[in-house]
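# sequence and predicted structure, then a few things I'm wondering about:
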Amino acid sequence: MAEKSLKEQRDQRISNLQQLEEAGFEAYPYSYEAAAQAASLQEKYEGGEAGEHWDEQVTVAGRIMTFRGMGKVSFATLQDASGRIQAFFQRDTLEQYRSLKKFDLGDWIEVEGTLFKTKTGELTVQVTDFRLLVKSLRPLPDKWHGVTDKELRYRQRYLDLMVSPDTRKPFVVRSRFIALMRRYLDDLGFFEVETPVLQAIPGGAEARPFITHHNALDHDFHLRISLELYLKRLIVGGFDAVYEIGRNFRNEGLSWKHNPEYTMMELYWAGRDYLDILKLVEDMMAYILTELTGGTRITYQGTELNFTPPWPRVDFTGEVARRAGITFDLLDEPKLREWVAVHLPGGEDVPLAEQPIGQILNKLYDIYLEPHLEQPTFVMDHPLAISPLARKHRSREGVVERFEPVVMGMEIGNSFSELNDAIDQRERFEAQLALREAGDEEAHQLDEDFLTALEYGMPPTGGLGLGIDRIVMLLTDQPSIRDVILFPLMKPDD
RNA sequence: GGGCCGUUAGCUCAACCGGUAGAGCAACUGACUCUUAAUCAGUGGGUUGUAGGUUCGAGUCCUACACGGCCCA
């Protein structure tokens, strides 16, 4: 790489630091006390008039973002965590005025002084003393354009945050969203727990796991792909309402809606079924949206989304069939395979029509239903074949009590009346095992310890998982999941 | 996995049909007592992502690879 220009600038800054030390500045002070934050000062003196001076002594610390030297006076814009404020330096009143030349854009400084408004009305600190807090050894990105290279924005997010304060907004909303969700669940009497990330048998979802190794036990473990099976063990143990907010890891590709590590909220509520959970989702989302935005409608990428309860519900099998133009019962397997052979002749190694029925149903859903649902919608009552952890529907054959909330073609959650029949659960696992042996690496593994727990008896329970990142995308109008994850997964570039 | 696009100074971007790689910001020197993308004068900074190939001559054309973006199964 061509680094001469960078090296020159870095050397220059190191030399400036040495000269500041020689002039009596402490190079790396241990602490600072910013008595005031830029934003609160801006707010406090909003009504002041150009030319007005105040007596209040203030101390402000921040990063030098711009610097305008005009000979005997200079202006700098300081940026702290809250915002920006201008500082004014005068040679006549500052002993160390000449040292200002050795400060660089990006350095952190602390200034003391009084406040006034310039003739153009900008709130400014009339500096009476200043000191270095830390030197920046590298030049800042373009002060006007910021960082536009997406690769650089993701790899060096701190630069993006530093020069483009708007970058922070989705992450602030993310934090508030999670805080509000906690408040909502805590108020309902839920208990927040933490379960293992390292699992001997990764369960609760169809996904390929990451594998790691524990040296002392000399055993391979997997990073969890879901929170489900451990939270259910807690219901067996006697908790009646638990939730966890945590990271899942899935060893899959990346896309605008997939990052290999992502955040999930899962809850389990004893005594409830999936329809109770459905109401909770509607109500919780309405509560959070109202707290965040004042209403239950938001705009995502130009589309207005209405989260006002109740959200529309569509039946999985009925709606897939309707949209695909299938006139027979979707669960009539021989007819469905015939139809697929005609209408979807493709397939990777094996024609789709000859693949396991679960693959076919998932494919049809992925083609004909999910991508076409824009408004918040509950897809209800999935086929049994693709729902090995959900209990059978109380009145319909071949389907389970399950729903998935879908928005803008994205699955943002998943919920069941949880399967608590240990014998049925064993049979479901065995069916999954058969798929696994036939080559489906994403089929569920049989978790004997979980089955043991179920055999002690899990009371009737409703469960839910929500994809936090995707919901935050919707709330913040971001087109990619990578824009709501501070440090998305990147391939090392060396 | 496939297709399209991108990768040029620290940052943001130019460079016509293949003909000596430029600008703004940042940096350096100087001027300047209300600037705010400060301004003005001057200076330095490049293995054009990597490796090959075609050519008298390659940032530009070809091949492979790396990283990234968008779209598709």
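Perfect, thanks for sending it.
# could you pull out the strands for the stretch 301-450 of chain A?
A:303-306, A:313-315, A:377-380, A:402-407, A:410-411, A:413-417 (DSSP state E, counting those that start in this stretch).
# between those strands, which one is nearest to RNA strand B?
When the strands of the stretch 301-450 of chain A are compared by C-beta to the nearest atom of the strand, strand A:410-411 sits nearest RNA strand B, at 12.6 Å. Placement of C-beta: from N, CA and C, glycine included.
# what packs against that closest one?
helix A:468-476 (3 or more C-beta pairs under 8 Å, 6 or more residues apart in numbering; DSSP states H and E).
# which residues in chain A form helices?
A:4-22, A:38-44, A:150-155, A:157-163, A:169-187, A:228-236, A:274-293, A:316-324, A:333-343, A:357-364, A:422-437, A:448-455, A:468-476 (DSSP state H).
# mind putting those into CSV with mean neighbour count, distance to RNA strand B and mean pLDDT?
Formatted as CSV, these follow (neighbours: other C-beta atoms under 10 Å; distance: least, C-beta to the nearest atom of the strand, whole Å; pLDDT from 0 to 100):
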stretch, mean neighbour count, distance to RNA strand B, mean pLDDT
helix A:4-22, 14, 3, 92
helix A:38-44, 16, 12, 96
helix A:150-155, 15, 4, 93
helix A:157-163, 18, 8, 94
helix A:169-187, 16, 14, 97
helix A:228-236, 22, 25, 98
helix A:274-293, 18, 25, 98
helix A:316-324, 19, 14, 96
helix A:333-343, 15, 13, 93
helix A:357-364, 20, 9, 93
helix A:422-437, 16, 19, 95
helix A:448-455, 16, 30, 97
helix A:468-476, 23, 12, 96
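# mind listing what A:Asp142 touches?
A:Val163 (C-beta atoms under 8 Å, 6 or more residues apart in numbering).
# so what's the residue count around A:Thr167?
18 (other C-beta atoms under 10 Å).
# so how far is A:Leu161 from it?
5 Å (C-beta to C-beta, to the nearest Å).
# what do you get for A:Pro460?
47 Å.
# now do stretch A:102-110: everything it contacts.
By C-beta under 8 Å, 6+ apart, stretch A:102-110 touches A:12-13, A:16-17, A:19-20, A:23, A:32, A:34, A:59-67, A:76, A:78, A:130-136, A:138-140, A:143.
# let's see 7 Å
Stretch A:102-110 is contacted by residues A:13, A:16, A:19-20, A:32, A:34, A:59, A:61-65, A:67, A:130-136, A:140 when judged by C-beta atoms under 7 Å, 6 or more residues apart in numbering.
# any idea of the mean pLDDT in it?
Taken as a whole, stretch A:102-110 has an average pLDDT of 97.
# start to end distance for it?
15 Å (C-alpha to C-alpha, to the nearest Å).
# wait, does it contact RNA strand B?
Yes. Residues of stretch A:102-110 are located near RNA strand B by C-beta under 7 Å from any atom of the strand, namely A:Asp104, A:Leu105.
# ok, stretch A:58-72 next?
Yes. Interface with RNA strand B: stretch A:58-72 contributes A:Thr66, A:Phe67, A:Arg68, A:Gly69, A:Met70, A:Gly71, A:Lys72 (C-beta under 7 Å from any atom of the strand).
# tell me the contacts of the first one?
Right, the one you point to is A:Thr66. A:Ala76, A:Thr77, A:Lys143.
# among these, find me the one that's closest to A:Ile225.
A:Lys143 (43.7 Å; C-beta to C-beta).
# check what pLDDT the residue nearest to the closest one when sequence neighbours are not counted gets.
Nearest non-adjacent residue to A:Lys143, counting by C-beta to C-beta, 6 or more residues apart in numbering: A:Thr66, 6.1 Å away. Note on A:Thr66: pLDDT of 96.
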